[in-house]
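In: pasting the structure only:
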(Lines give C-alpha, C1' and ligand atoms only; values in the text may rest on other atoms or scores of the structure.)
Protein backbone atom coordinates (compact mmCIF):
# COMPACT_ATOMS: atom_id res chain seq x y z
CA UNK A 1 0.00 0.00 0.00
CA UNK A 2 1.41 3.37 -0.99
CA UNK A 3 1.61 6.25 1.43
CA UNK A 4 -1.01 8.15 -0.59
CA UNK A 5 -3.49 5.27 -0.41
CA UNK A 6 -2.85 4.98 3.32
CA UNK A 7 -3.82 8.63 3.84
CA UNK A 8 -6.95 8.19 1.71
CA UNK A 9 -8.08 5.14 3.67
CA UNK A 10 -7.26 6.84 6.98
CA UNK A 11 -9.32 9.89 5.99
CA UNK A 12 -12.24 7.72 4.94
CA UNK A 13 -12.10 5.77 8.20
CA UNK A 14 -12.15 8.98 10.25
CA UNK A 15 -15.14 10.34 8.30
CA UNK A 16 -17.00 7.04 8.70
CA UNK A 17 -16.30 6.89 12.45
CA UNK A 18 -17.44 10.49 12.84
CA UNK A 19 -20.63 9.71 10.88
CA UNK A 20 -21.41 6.66 13.04
CA UNK A 21 -20.73 8.56 16.28
CA UNK A 22 -22.89 11.55 15.30
CA UNK A 23 -25.74 9.34 14.09
CA UNK A 24 -25.67 7.32 17.31
CA UNK A 25 -25.65 10.44 19.51
CA UNK A 26 -28.52 12.00 17.55
CA UNK A 27 -30.52 8.77 17.95
CA UNK A 28 -29.87 8.83 21.72
CA UNK A 29 -30.99 12.48 21.82
CA UNK A 30 -34.20 11.59 19.96
CA UNK A 31 -34.88 8.75 22.43
CA UNK A 32 -34.25 11.07 25.41
CA UNK A 33 -36.61 13.74 24.06
CA UNK A 34 -39.22 11.08 23.29
CA UNK A 35 -39.16 9.88 26.90
CA UNK A 36 -39.42 13.50 28.05
CA UNK A 37 -42.52 14.03 25.90
CA UNK A 38 -44.15 10.93 27.41
CA UNK A 39 -43.21 12.08 30.93
CA UNK A 40 -44.12 15.78 30.79
CA UNK A 41 -47.70 16.94 31.19
CA UNK A 42 -50.27 18.03 33.75
CA UNK A 43 -49.72 14.68 35.46
CA UNK A 44 -46.26 13.15 35.46
CA UNK A 45 -45.91 9.40 35.49
CA UNK A 46 -42.89 7.32 36.44
CA UNK A 47 -40.86 5.56 33.78
CA UNK A 48 -42.14 2.19 34.98
CA UNK A 49 -45.76 3.33 34.53
CA UNK A 50 -44.98 4.64 31.03
CA UNK A 51 -43.40 1.31 30.04
CA UNK A 52 -46.33 -0.69 31.47
CA UNK A 53 -48.86 1.43 29.58
CA UNK A 54 -46.93 1.14 26.30
CA UNK A 55 -46.77 -2.64 26.81
CA UNK A 56 -50.58 -2.70 26.86
CA UNK A 57 -51.43 -2.65 30.57
CA UNK A 58 -54.52 -0.63 31.52
CA UNK A 59 -53.82 1.92 34.25
CA UNK A 60 -56.57 4.37 35.14
CA UNK A 61 -55.73 7.87 33.92
CA UNK A 62 -52.27 6.96 32.69
CA UNK A 63 -53.44 4.82 29.77
CA UNK A 64 -55.50 7.60 28.23
CA UNK A 65 -52.89 10.32 28.81
CA UNK A 66 -49.92 8.33 27.54
CA UNK A 67 -51.36 6.04 24.87
CA UNK A 68 -54.03 8.36 23.42
CA UNK A 69 -52.50 11.83 23.83
CA UNK A 70 -48.75 11.77 24.41
CA UNK A 71 -47.56 8.77 22.39
CA UNK A 72 -49.17 9.81 19.04
CA UNK A 73 -47.85 13.34 19.57
CA UNK A 74 -44.34 12.04 20.24
CA UNK A 75 -44.42 9.65 17.28
CA UNK A 76 -45.70 12.41 14.98
CA UNK A 77 -42.83 14.64 16.08
CA UNK A 78 -40.25 11.95 15.28
CA UNK A 79 -41.75 10.91 11.93
CA UNK A 80 -42.53 14.44 10.69
CA UNK A 81 -39.12 15.70 11.80
CA UNK A 82 -37.37 12.88 9.97
CA UNK A 83 -39.49 13.43 6.86
CA UNK A 84 -38.80 17.16 6.74
CA UNK A 85 -35.11 16.72 7.56
CA UNK A 86 -34.42 14.00 4.97
CA UNK A 87 -36.37 15.78 2.23
CA UNK A 88 -34.73 19.13 2.92
CA UNK A 89 -31.24 17.65 2.91
CA UNK A 90 -31.99 15.85 -0.37
CA UNK A 91 -33.01 19.04 -2.18
CA UNK A 92 -30.13 21.08 -0.74
CA UNK A 93 -27.53 18.46 -1.70
CA UNK A 94 -28.98 17.72 -5.13
CA UNK A 95 -29.25 21.41 -6.08
CA UNK A 96 -26.02 22.36 -4.27
CA UNK A 97 -27.67 25.31 -2.57
CA UNK A 98 -28.73 25.69 1.10
CA UNK A 99 -31.73 27.76 -0.04
CA UNK A 100 -33.13 24.78 -1.97
CA UNK A 101 -35.41 23.66 0.84
CA UNK A 102 -39.00 22.50 0.17
CA UNK A 103 -40.41 25.22 2.43
CA UNK A 104 -38.41 27.87 0.53
CA UNK A 105 -39.11 26.75 -3.06
CA UNK A 106 -42.88 26.35 -2.76
CA UNK A 107 -43.54 22.61 -2.38
CA UNK A 108 -44.81 22.94 1.18
CA UNK A 109 -46.96 25.90 0.15
CA UNK A 110 -48.61 23.75 -2.51
CA UNK A 111 -49.75 21.29 0.14
CA UNK A 112 -50.86 24.17 2.36
CA UNK A 113 -53.05 25.79 -0.31
CA UNK A 114 -54.93 22.56 -0.94
CA UNK A 115 -55.47 21.87 2.76
CA UNK A 116 -56.67 25.42 3.47
CA UNK A 117 -59.00 25.35 0.45
CA UNK A 118 -60.57 22.06 1.51
CA UNK A 119 -60.86 23.14 5.16
CA UNK A 120 -62.25 26.64 4.57
CA UNK A 121 -64.14 26.44 1.27
CA UNK A 122 -65.30 22.85 0.92
CA UNK A 123 -65.45 22.22 4.70
CA UNK A 124 -64.52 18.57 4.34
CA UNK A 125 -63.03 16.28 6.98
CA UNK A 126 -59.32 16.21 7.72
CA UNK A 127 -58.75 12.91 5.88
CA UNK A 128 -59.90 14.35 2.54
CA UNK A 129 -57.92 17.55 3.19
CA UNK A 130 -54.81 15.48 3.92
CA UNK A 131 -55.13 13.53 0.67
CA UNK A 132 -55.66 16.78 -1.26
CA UNK A 133 -52.57 18.34 0.33
CA UNK A 134 -50.45 15.33 -0.67
CA UNK A 135 -51.63 15.46 -4.28
CA UNK A 136 -51.16 19.24 -4.43
CA UNK A 137 -47.60 18.98 -3.12
CA UNK A 138 -46.77 16.42 -5.79
CA UNK A 139 -48.40 18.56 -8.49
CA UNK A 140 -46.50 21.70 -7.50
CA UNK A 141 -43.21 19.79 -7.35
CA UNK A 142 -43.80 18.39 -10.86
CA UNK A 143 -44.67 21.87 -12.14
CA UNK A 144 -41.50 23.39 -10.68
CA UNK A 145 -39.37 20.57 -12.06
CA UNK A 146 -40.87 20.79 -15.57
CA UNK A 147 -40.52 24.58 -15.72
CA UNK A 148 -36.89 24.37 -14.61
CA UNK A 149 -35.88 21.81 -17.23
CA UNK A 150 -35.60 23.84 -20.46
CA UNK A 151 -32.78 22.58 -22.67
CA UNK A 152 -31.04 21.17 -19.59
CA UNK A 153 -31.76 20.99 -15.88
CA UNK A 154 -30.76 24.04 -13.83
CA UNK A 155 -30.78 24.01 -10.03
CA UNK A 156 -30.64 27.80 -9.85
CA UNK A 157 -33.60 28.10 -12.21
CA UNK A 158 -35.54 25.58 -10.13
CA UNK A 159 -34.94 27.60 -6.94
CA UNK A 160 -36.01 30.90 -8.55
CA UNK A 161 -39.13 29.35 -10.09
CA UNK A 162 -39.96 27.72 -6.77
CA UNK A 163 -39.60 30.98 -4.85
CA UNK A 164 -41.90 32.69 -7.36
CA UNK A 165 -44.52 29.93 -7.11
CA UNK A 166 -44.28 30.03 -3.32
CA UNK A 167 -45.03 33.77 -3.31
CA UNK A 168 -48.06 33.17 -5.53
CA UNK A 169 -49.34 30.31 -3.37
CA UNK A 170 -48.88 32.30 -0.17
CA UNK A 171 -50.99 35.05 -1.74
CA UNK A 172 -53.70 32.47 -2.48
CA UNK A 173 -53.61 31.31 1.15
CA UNK A 174 -53.99 34.91 2.35
CA UNK A 175 -56.95 35.44 0.00
CA UNK A 176 -58.66 32.25 1.24
CA UNK A 177 -58.20 33.31 4.86
CA UNK A 178 -59.64 36.78 4.16
CA UNK A 179 -62.69 35.38 2.34
CA UNK A 180 -63.41 32.57 4.78
CA UNK A 181 -65.98 32.44 7.56
CA UNK A 182 -64.35 33.90 10.65
CA UNK A 183 -65.33 30.85 12.70
CA UNK A 184 -63.40 28.53 10.36
CA UNK A 185 -60.20 30.58 10.22
CA UNK A 186 -58.71 29.51 13.61
CA UNK A 187 -58.66 25.85 12.55
CA UNK A 188 -56.84 26.71 9.33
CA UNK A 189 -54.38 28.99 11.14
CA UNK A 190 -53.58 26.27 13.67
CA UNK A 191 -52.81 23.90 10.82
CA UNK A 192 -50.74 26.50 8.94
CA UNK A 193 -48.60 27.23 12.00
CA UNK A 194 -47.45 23.60 12.14
CA UNK A 195 -48.67 21.79 15.22
CA UNK A 196 -48.67 18.39 16.90
CA UNK A 197 -51.90 19.16 18.75
CA UNK A 198 -54.76 16.76 18.22
CA UNK A 199 -52.71 14.08 16.44
CA UNK A 200 -54.28 10.65 16.83
CA UNK A 201 -52.89 7.17 16.33
CA UNK A 202 -54.97 6.65 13.18
CA UNK A 203 -53.20 9.63 11.58
CA UNK A 204 -49.80 8.02 11.96
CA UNK A 205 -49.94 4.90 9.79
CA UNK A 206 -49.51 6.71 6.47
CA UNK A 207 -46.71 8.94 7.78
CA UNK A 208 -44.88 6.00 9.38
CA UNK A 209 -44.87 3.90 6.21
CA UNK A 210 -43.98 6.92 4.06
CA UNK A 211 -40.89 7.65 6.17
CA UNK A 212 -39.96 3.96 6.25
CA UNK A 213 -40.29 3.43 2.48
CA UNK A 214 -39.31 6.74 0.90
CA UNK A 215 -36.85 7.68 3.65
CA UNK A 216 -35.26 4.27 3.22
CA UNK A 217 -34.99 4.82 -0.54
CA UNK A 218 -33.30 8.18 0.01
CA UNK A 219 -30.83 6.56 2.40
CA UNK A 220 -30.03 3.87 -0.19
CA UNK A 221 -29.60 6.56 -2.86
CA UNK A 222 -27.17 8.51 -0.68
CA UNK A 223 -24.15 7.60 -2.84
CA UNK A 224 -25.89 8.73 -6.05
CA UNK A 225 -26.95 11.93 -4.31
CA UNK A 226 -23.33 12.72 -3.40
CA UNK A 227 -22.33 12.14 -7.03
CA UNK A 228 -25.02 14.56 -8.21
CA UNK A 229 -23.55 17.12 -5.82
CA UNK A 230 -20.39 17.12 -7.97
CA UNK A 231 -22.34 18.70 -10.83
CA UNK A 232 -24.10 17.52 -13.98
CA UNK A 233 -21.03 16.91 -16.14
CA UNK A 234 -19.05 15.12 -13.43
CA UNK A 235 -22.02 12.90 -12.58
CA UNK A 236 -22.52 11.92 -16.24
CA UNK A 237 -18.79 11.22 -16.58
CA UNK A 238 -19.00 8.87 -13.60
CA UNK A 239 -21.77 6.93 -15.35
CA UNK A 240 -24.76 8.21 -13.37
CA UNK A 241 -28.12 8.46 -15.12
CA UNK A 242 -28.73 11.94 -13.86
CA UNK A 243 -32.29 12.52 -15.07
CA UNK A 244 -33.66 9.23 -13.77
CA UNK A 245 -31.80 9.57 -10.47
CA UNK A 246 -32.94 13.16 -9.99
CA UNK A 247 -36.59 12.30 -10.69
CA UNK A 248 -36.46 9.42 -8.19
CA UNK A 249 -34.86 11.61 -5.53
CA UNK A 250 -37.38 14.41 -6.08
CA UNK A 251 -40.36 12.05 -5.93
CA UNK A 252 -39.15 10.44 -2.69
CA UNK A 253 -38.47 13.82 -1.07
CA UNK A 254 -41.80 15.29 -2.21
CA UNK A 255 -43.77 12.31 -0.86
CA UNK A 256 -42.05 12.78 2.51
CA UNK A 257 -42.81 16.52 2.58
CA UNK A 258 -46.39 16.20 1.35
CA UNK A 259 -47.42 13.41 3.74
CA UNK A 260 -45.70 15.03 6.74
CA UNK A 261 -47.33 18.39 5.93
CA UNK A 262 -50.74 16.74 5.64
CA UNK A 263 -50.41 15.39 9.20
CA UNK A 264 -48.71 18.21 11.12
CA UNK A 265 -49.01 21.21 8.85
CA UNK A 266 -45.97 23.05 7.46
CA UNK A 267 -43.55 23.11 10.41
CA UNK A 268 -41.32 26.05 9.52
CA UNK A 269 -37.60 25.75 8.78
CA UNK A 270 -37.10 22.12 9.88
CA UNK A 271 -36.35 21.04 6.30
CA UNK A 272 -34.25 24.18 5.86
CA UNK A 273 -32.07 23.77 8.96
CA UNK A 274 -31.68 20.01 9.37
CA UNK A 275 -29.33 19.44 6.42
CA UNK A 276 -26.80 22.18 7.27
CA UNK A 277 -26.76 21.20 10.95
CA UNK A 278 -26.30 17.51 10.11
CA UNK A 279 -23.55 18.36 7.61
CA UNK A 280 -21.73 20.44 10.22
CA UNK A 281 -21.98 17.63 12.79
CA UNK A 282 -21.28 14.61 10.58
CA UNK A 283 -18.74 16.23 8.28
CA UNK A 284 -18.28 16.07 4.53
CA UNK A 285 -17.82 13.13 2.20
CA UNK A 286 -20.62 10.87 3.45
CA UNK A 287 -24.35 11.21 2.78
CA UNK A 288 -26.08 13.10 5.59
CA UNK A 289 -29.61 11.86 4.80
CA UNK A 290 -29.95 9.82 8.02
CA UNK A 291 -28.31 12.41 10.32
CA UNK A 292 -30.48 15.11 8.73
CA UNK A 293 -33.59 13.06 9.46
CA UNK A 294 -32.55 12.56 13.09
CA UNK A 295 -31.68 16.25 13.36
CA UNK A 296 -35.15 17.12 12.10
CA UNK A 297 -36.69 14.82 14.71
CA UNK A 298 -34.60 16.47 17.45
CA UNK A 299 -35.68 19.93 16.30
CA UNK A 300 -39.40 19.09 16.26
CA UNK A 301 -39.39 17.28 19.60
CA UNK A 302 -37.29 19.94 21.34
CA UNK A 303 -39.32 22.80 19.84
CA UNK A 304 -42.57 21.16 20.93
CA UNK A 305 -41.32 20.72 24.50
CA UNK A 306 -40.20 24.37 24.56
CA UNK A 307 -43.48 25.58 23.07
CA UNK A 308 -45.57 23.58 25.53
CA UNK A 309 -43.70 24.10 28.79
CA UNK A 310 -41.22 27.01 28.60
CA UNK A 311 -43.78 29.84 28.50
CA UNK A 312 -47.01 30.81 30.23
CA UNK A 313 -48.80 30.46 26.88
CA UNK A 314 -48.50 27.26 24.87
CA UNK A 315 -47.21 27.75 21.34
CA UNK A 316 -47.42 25.37 18.35
CA UNK A 317 -44.15 23.71 17.38
CA UNK A 318 -43.99 25.66 14.09
CA UNK A 319 -43.82 28.98 15.95
CA UNK A 320 -40.72 27.87 17.86
CA UNK A 321 -38.94 26.43 14.81
CA UNK A 322 -39.78 29.62 12.90
CA UNK A 323 -38.11 31.71 15.60
CA UNK A 324 -35.03 29.48 15.38
CA UNK A 325 -34.90 29.38 11.58
CA UNK A 326 -35.51 33.00 10.61
CA UNK A 327 -32.15 34.32 11.95
CA UNK A 328 -30.27 31.58 10.07
CA UNK A 329 -32.04 32.46 6.83
CA UNK A 330 -31.06 36.12 7.25
CA UNK A 331 -27.47 35.10 8.05
CA UNK A 332 -27.35 32.81 5.02
CA UNK A 333 -28.62 35.53 2.67
CA UNK A 334 -26.06 38.01 4.01
CA UNK A 335 -23.24 35.47 3.63
CA UNK A 336 -24.30 34.60 0.07
CA UNK A 337 -24.46 38.29 -0.82
CA UNK A 338 -20.94 38.88 0.48
CA UNK A 339 -19.56 35.86 -1.37
CA UNK A 340 -21.27 36.79 -4.62
CA UNK A 341 -23.97 34.11 -4.45
CA UNK A 342 -21.94 31.16 -3.21
CA UNK A 343 -23.08 29.75 0.08
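Out: Okay, I see it. All figures in this text were calculated on a predicted structure; none of them were measured in a lab. Numbers count the residues shown, from 1 in each chain.
In: enumerate every residue touching the residue nearest to residue 316 when sequence neighbours are not counted.
Out: Leaving aside its chain neighbours, residue 316 sits nearest to residue 195 (3.8 Å; criterion: CB to CB, 6 or more residues apart in numbering). C-betas here are computed from N, CA, C, even on glycine. Going by CB atoms under 8 Å, 6 or more residues apart in numbering, residue 195 touches 264, 265, 316, 317, 318.
In: which among those gets closest to residue 106?
Out: When the contacts of residue 195 are ranked by distance to residue 106 (CB to CB), residue 265 comes first, at 16.1 Å.
In: if we can go back for a sec, mind listing which of the contacts of residue 195 are in helices?
Out: 264, 317, 318 (DSSP state H).
In: most neighbours, which of these?
Out: Counting neighbours by other CB atoms under 10 Å, residue 317 leads the ones in helices among the contacts of residue 195 with 32 neighbours.
In: distance of that residue relative to residue 17?
Out: Residue 317 sits at a distance of 33 Å from residue 17 (criterion: CB to CB, to the nearest Å).
In: run through the helices of the stretch 101-250 of the chain in chain order.
Out: Applying DSSP state H, counting those that start in this stretch to the stretch 101-250 of the chain gives helices spanning 107-120, 126-149, 155-179, 185-193, 204-210, 216-220, 222-228, 232-237, 242-264.
In: tell me the most buried of the ones you listed?
Out: Using mean count of other CB atoms under 10 Å, the stretch among the helices of the stretch 101-250 of the chain with the largest mean neighbour count is helix 107-120, at a mean of 26.
In: centre of the chain to that one, how far?
Out: 17 Å (CA atoms, centre = their mean, to the nearest Å).
In: now stretch 40-55
Out: When distances are taken as CA atoms, centre = their mean, stretch 40-55 is centred 28 Å away from the chain's centroid.
In: what sits up against it?
Out: For stretch 40-55, the surrounding residues in contact (CB under 8 Å, 6+ apart) are 35, 38-39, 59, 61-63, 65-67, 69-71, 305, 308-309.
In: what's the closest of the ones in helices among the contacts of residue 195 to residue 283?
Out: residue 317 (28.5 Å).
In: that older thread, now, of the contacts of stretch 40-55, which are buried?
Out: 38, 62, 63, 65, 66, 67, 69, 70, 71, 305, 308 (16 or more other CB atoms under 10 Å).
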